[in-house]
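Peer 1: Okay, sequence plus prediction incoming.
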Amino acid sequence: MIPENKDSGVSVKKLSVESYKGVRDFYPEDMFVQKYIFDRMRKAVEKFGYVEYGASVLEPAELYRAKSGEEIVNEQTYTFTDRGDREVTLRPEMTPTVARMVVAKRRELPFPLRWYSIPNLFRYEKPQRGRMREHWQLNVDLFGSKNIEADVEILCVANEVMSSLGAKSGDFEIHINNRKLWNSLCEMWKCTPLQQQKLSKLVDRKNKISAKEFEEQGAVILSSYLPNFIEAMNVTTLEKLEKGARETEGYKEIVSLIQDLEKRGINNARFDPTIMRGFDYYTGNIFEVFDANPENRRSLFGGGRYDDLAALFEGDKIPAVGFGAGDVTVRDFLETHGLLPAYGSSAQLYIAVQDETCRDSAEQLSGQLRSQGHNVILDIAHKKLGDQIKTADRQKIPFVTAVGAEEVKSGAYRIKNLADGSEKILKADEISSYLKTQLAL
C-alpha cells in the first residue's frame, strides 16, 4: 500500500489488495495443498521412468497460431508485441513447447522419450469453477513410439496419478474416442472440411446444451446424414456404431486400447463419441478423465495421440502421445471426495524461551536438532510463554518445548504434543529419536 505524501500535499491513490482477476494467491495452507498434489504427481509419473523438463513461459505467438488454432491465439491468450517488435504469447498449453524442444535436439535424444513437467499456463477466458486465467498443469508425454503400447502406458500413468491422490477406480471414469474414427464417420456422412470443423465444435459442446439444441444446430450443418450423426453421438458402446464405422482403423485402435487397459486391471475406461478435445493437433486415440461424483460431474483432464505436431518444425514426424492434468480441477476433485490433506507446518518443533538469560542454550538446542535433520523454529518475538505456545498451535507445529533456567540446569526438556496434549521429558540427545518416531506414526 502506498501512503499519502503529506509533505508534498499530493494525495497518492492507495493500491488494492485484490489479486488480478482469474489468478490465485497461495497462502501457506494453499501452497501446502499444491505441494501435496505436485509431490504425488511427480512420484506417480516417475514410477514409469518419466523425467522432468522445463521451459520459458514465453513463446512466439506463431507457435500457437499454427497448431492450437486461430481462436486460441485471438481470443484466449495473453499475446503482446515486445520491444523487438516480436509477437509473444504467455503459453496457454505446454504440448507445442515440448514438441519444439524435442525436434530441436532430435538427433541427440534417445527415443522413446518419457518426459513430464508441471508448468504454469495462461488463458484469457471467463473464470469459473474448474477454470482460471492462470493454472498449473502436469504434462506427461511419450515421444518416439506409434505402437498402441504407448497409448496404454500413458493411460496407465494417468490412472496412477489418480490413485496416488487417493482416488479409487469407482471415483472416476476414463472416456475414450479416436480422431481417425471421427474422420471416417465424417467421410461416411459426406462432410466438407468446413462441415467437419463445425461438427467437431458442436460435439465438443454437446453436454453443455439441450438435446433439442444439439439436433437443431446439427441440422444447420448436415442435411441427409443428420440421423446418422445424431445416432452416432448417442451410442454408449462401440458395438452400436454403424457397420462401416466398425471397420475403420480408429475403431480397432479404441477396442485394442480398452482391452489392453482391462488386462492391466483398469476397468473404468469406456468409449464416448462426444470426446473431441479442442486442439487441432490430435491424430488418434483421445481421452478425458471424468469425476464420477454427481456433485462434480465434469472432465478433470485429458490428452491423446498427436503424431503430426512435430512435423510443424523442420524434419520428419515424431509419434507422440500424452496428457495434461490441471491443478484446479484436480483440487476440486480432492475436495469433492474428501481427499484434501490436513494442513501441517513444515516446522516440527517450536522452541519457546522462558527466560532471556537462557536464549543461548535455546539457540544451541535448535542448532543441534537442525543438524540432526529437524525443522525447528526458535522464538524471536520475546512474548510470554503462553503466547508462544499459542503461536505454535495456531501455526500447526506438532511439538513444542520451553527452555528456562530449570531445563538448562537439568539438561532435560519437556516435549509437548500439541495435538493430544501428551508430554515427554527427554535429554537433549534423546529428542531427535523421539521426534522421528512420533512423526513417522
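Peer 2: Done, it's in.
Peer 1: so where is the stretch 151-300 of the chain shaky, pLDDT-wise?
Peer 2: 278-280 (pLDDT under 70).
Peer 1: mind listing the helices in it by residue range?
Peer 2: Here the stretch 151-300 of the chain has its helices, by DSSP state H, counting those that start in this stretch, at 179-188, 193-204, 211-221, 226-233, 249-263.
Peer 1: Buried deepest among the ones you listed, which one?
Peer 2: helix 179-188 (a mean of 20; mean count of other Cβ atoms under 10 Å). (Each C-beta comes from the backbone N, C-alpha and C, glycine too.)
Peer 1: what residues are up against the residue lying closest to F287 once chain neighbours are set aside?
Peer 2: In this structure, F287 finds its nearest non-sequential neighbour in I176, 4.7 Å apart by Cβ to Cβ, 6 or more residues apart in numbering. I176 makes contact with I254, L257, I258, A269, R270, F271, D272, I275, N285, I286, F287 under the criterion Cβ atoms under 8 Å, 6 or more residues apart in numbering.
Peer 1: and what of S345?
Peer 2: Counting by Cβ under 8 Å, 6+ apart, S345 has contacts Q395, K396, I397, P398.
Peer 1: got it, and V321?
Peer 2: D141, L142, A150, D151, I154, G284, N285, G303, G304, R305, Y306.
Peer 1: how about the helices of the stretch 151-300 of the chain, which one is nearest R83?
Peer 2: helix 193-204 (36.7 Å; Cβ to Cβ).
Peer 1: returning to that earlier point: as CSV, the helices of the stretch 151-300 of the chain with distance to N74 would be great.
Peer 2: Below are the helices of the stretch 151-300 of the chain laid out as CSV (distance: least, Cβ to Cβ, whole Å):
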stretch, distance to N74
helix 179-188, 24
helix 193-204, 15
helix 211-221, 22
helix 226-233, 28
helix 249-263, 30
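Peer 1: Which one of these lies nearest to L439?
Peer 2: helix 249-263 (38.3 Å).
Peer 1: quick one, that closest one and helix 179-188 angle?
Peer 2: Inter-element angle recorded for helix 249-263 and helix 179-188: 150 degrees (by axes from the mean of the first three to the mean of the last three Cα atoms, to 10 degrees).
Peer 1: what about helix 249-263, distance to the chain center?
Peer 2: 26 Å (Cα atoms, centre = their mean, to the nearest Å).
Peer 1: Check which helices and strands that helix sits against.
Peer 2: helix 148-164, strand 172-178, helix 179-188, strand 269-271, strand 285-291 (3 or more Cβ pairs under 8 Å, 6 or more residues apart in numbering; DSSP states H and E).
Peer 1: Which stretch among the ones you listed is buried most, on average?
Peer 2: Note that of the helices and strands packed on helix 249-263, strand 285-291 is the most buried (mean count of other Cβ under 10 Å), with a mean of 25.
Peer 1: Neighbouring strands - and their directions - for it?
Peer 2: strand 172-178 (antiparallel), strand 299-305 (antiparallel) (DSSP bridges).
Peer 1: Show me the contact partners of the last one.
Peer 2: Think strand 299-305. By Cβ under 8 Å, 6+ apart, strand 299-305 touches 137, 140, 150-151, 154, 158, 172, 179, 275, 277, 282-291, 319-326, 329-330, 333.
Peer 1: Can you list the buried residues in that strand?
Peer 2: Buried positions in strand 299-305, judged by neighbour count with 16 or more other Cβ atoms under 10 Å: L300, F301, G302, G303, G304, R305.
Peer 1: quick one: strands adjacent to the lengthiest strand in the chain?
Peer 2: In the chain, with assignment by DSSP state E, the single longest strand is strand 134-143. Partners of strand 134-143 in the sheet, by DSSP bridges, are strand 113-117 (antiparallel), strand 120-122 (antiparallel), strand 320-326 (antiparallel).
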